[in-house]
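> Okay, predicted coordinates and the sequence, questions at the end:
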Amino acid sequence: MAVSESHKQSEHIKPKEQFDFFNDERVRSVFYQLLTAAVVGWIGWYLFTTTANNLQVRGMDSGFGFLGVEAGFDTDFKLMAYEVGVGTYGDIFLIGILNTLYISFLAIIASTLLGFTIGVLRLSHNWLVSRVALAYVEIFRNTPLLIQIIFWYTGIFSLLPKIKNSFDLSGGAEVVLLNNRGLYMPWPVPGDLLWMTGLALIIAIIVVIVFRRWAHKRQDTTGRIIPTLLPSVALIVLLPGIVYLMTGSPLGWDIPKIEGFNFVGGSSLPPAFLALFVALTIYHAAHLAESVRAGILSVSAGQHDAAMAIGLRQNRVLSLVIIPQAMPAIVPPMISLWMNVVKNSSLAIAIGYPDLVAVFMQTSLNQAGHAIEIVGMTMAFYMFVSLTISGLLNIYNKRVQLVER
């Protein structure tokens with residue numbers, strides 16, 4: 001008995017684990033991380049000191065003081081006040097940022113809407129519609145973007161009629177005109193009480209958001225679908241419209257008019273802007289269309305059949321059942337696509353649109369030098385925009401994933 005009890009006690013006693021500094025997994029993990037950080041830090045320090053020494057040997061200035069120096073050139077398109085001889089290279093940097101964000105924002109919106117439309121049409125049961133959508137995707141997706149930009153600029157917008165023979169896009173009103181110098185449009189001139197119309201618009205949007213959320217909750221609890229599109233549009237249009245009329249229509253328009261050899265007044269978009277916008281939109285919409293098609297096909301066919309069985313119309317099936325379940329598969333490639341729109345806008349340098357690369361990393365660099373600072377600032381801008389887009393869409397992607405579960 002004594003032997004068996006001692007044997008049982010020895011089974012419960014575990015041998016002490018001996019700490020081995022060189023073979024412990026935790027030590028190795030921390031050691032490799034510190035080693036990697038040290039190597040990266042040394043490489044960065046070596047590049048910094050080598051660059052500083054090379055600049056000093058060549059007598060080249062370094063630093064960001066040049067941003068306060070007056071710039072001796074102007075741009076043909078800008079979204080902020082700027083005067084040659086007064087504006088600085090810092091102002092040029094801001095002009096380039098605004099021009100880049102402006103064209104990128106519009107191209108992202110347009111390419112997303114067009115891409116979703118083409119992606120849905122690719123799955124149409126109409127043979128002709130689906131084949132036209134397929135041809136669009138294959139042609140524009142497999143043609144280099146730079147070639148498309150040059151084609152639209154030199155082959156379309158540069159060959160438009162001259163000013164006196166402008167295309168009137170306003171149906172005879174001669175307020176929206178297109179010619180080889182660009183697109184000319186009226187420019188709004190706000191009055192004193194226009195802020196009341198803007199306030200009414202904000203209130204209408206808030207009411208619409210609350211109304212739509214209530215309608216969705218009501219649908220979840222009762223199953224009854226409450227129409228929200230027409231009431232929302234009516235409220236957004238009617239409420240600001242009534243306030244606008246009651247305050248005496250406090251908004252005027254500066255209409256472009258021909259004086260001499262060019263238009264005066266209004267606003268205009270140069271041919272380079274139009275060509276870049278069209279090329280970015282068409283090219284990236286073709287890529288997004290395939291992502292939308294793949295996302296829709298990833299949804300089980302039984303979801304469509306079940307939705308049709310309970311009496312939903314085809315458009316309701318697509319908007320309420322198919323698209324929401326396809327979004328988790330669509331959003332990840334859409335993140336890359338939106339970032340590519342911003343980065344690919346730098347190809348505008350080929351046709352002379354004054355984006356950040358053209359006015360800052362080319363003209364400003366040639367005049368002021370400071371290549372390292374200018375290139376570094378340009379890279380930092382594109383990295384910041386890309387990370388912002390990625391972060392925002394990743395938040396939305398997590399929300400979509402939670403809704404799906």
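Good, I have the coordinates.
> where do the strands sit along the stretch 51-200 of the chain?
Remark: strands assigned in the stretch 51-200 of the chain by DSSP state E, counting those that start in this stretch are 167-168, 177-179, 182-185, 187-190.
> Distance to His287 and mean pLDDT for these - can I get that in a markdown table?
All C-beta atoms are positioned from the backbone trio N, CA, C, and that covers glycine. A markdown table is the format used below for the strands of the stretch 51-200 of the chain (distance: least, CB to CB, whole Å; pLDDT from 0 to 100):
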| stretch | distance to His287 | mean pLDDT |
| --- | --- | --- |
| strand 167-168 | 30 | 86 |
| strand 177-179 | 28 | 88 |
| strand 182-185 | 26 | 88 |
| strand 187-190 | 34 | 86 |
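> now for those, which one comes closest to Ile225?
strand 187-190 (38.3 Å; CB to CB).
> So in that sheet, which strands flank that closest one, and in what orientation?
strand 251-254 (antiparallel) (DSSP bridges).
> Identify all contacting residues around the strand it pairs with.
175, 186-191, 194, 197, 244, 265-267 (CB atoms under 8 Å, 6 or more residues apart in numbering).
> ranking those by neighbours, who comes first?
Thr197 (23 neighbours; other CB atoms under 10 Å).
> Quick check: phi and psi on Glu174?
Main-chain dihedrals, Glu174, degrees, to the nearest 10: phi 60, psi 50.
> coming back round to it: can you tell me which of the contacts of strand 251-254 is nearest Gly115?
Ser267 (27.9 Å).
> got a list of what the residue nearest to His284 when sequence neighbours are not counted touches?
The shortest distance from His284 to any non-neighbouring residue, by CB to CB, 6 or more residues apart in numbering, is to Ser111 (4.2 Å). Residues near Ser111 by CB under 8 Å, 6+ apart: 280-285, 288, 337, 341.
> Is Met361 in a helix, a strand, or coil?
helix (DSSP: H, G, I helix; E, B strand; the rest coil).
> Give the burial count for the closest residue to it other than its chain neighbours, as a bare number.
The shortest distance from Met361 to any non-neighbouring residue, by CB to CB, 6+ apart, is to Thr378 (4.8 Å). Thr378 has 21 neighbouring residues, counting by other CB under 10 Å.
> Could you list every helix and strand in contact with the host helix or strand of Thr378?
In this structure, Thr378 sits in helix 371-404 according to DSSP states H and E. Secondary-structure packing of helix 371-404 (3 or more CB pairs under 8 Å, 6 or more residues apart in numbering; DSSP states H and E): helix 89-121, helix 323-344, helix 365-368.
> what's the closest of the ones you listed to Val400?
helix 323-344 (4.8 Å).
> Measure how far that closest one is from the centre of its chain, please.
10 Å (CA atoms, centre = their mean, to the nearest Å).
> now swap in stretch 373-393 and tell me
On CA atoms, centre = their mean, the centre of stretch 373-393 falls 12 Å from the chain's centre.
> next one: stretch 73-86
Worked out by CA atoms, centre = their mean, stretch 73-86 lies 25 Å from the chain centre.
> Need the distance between the two termini of that stretch.
End-to-end distance of stretch 73-86 (CA to CA, to the nearest Å): 10 Å.
> can you pull the buried residues of it?
Residues 75, 77-78, 82 are the ones in stretch 73-86 that count as buried (16 or more other CB atoms under 10 Å).
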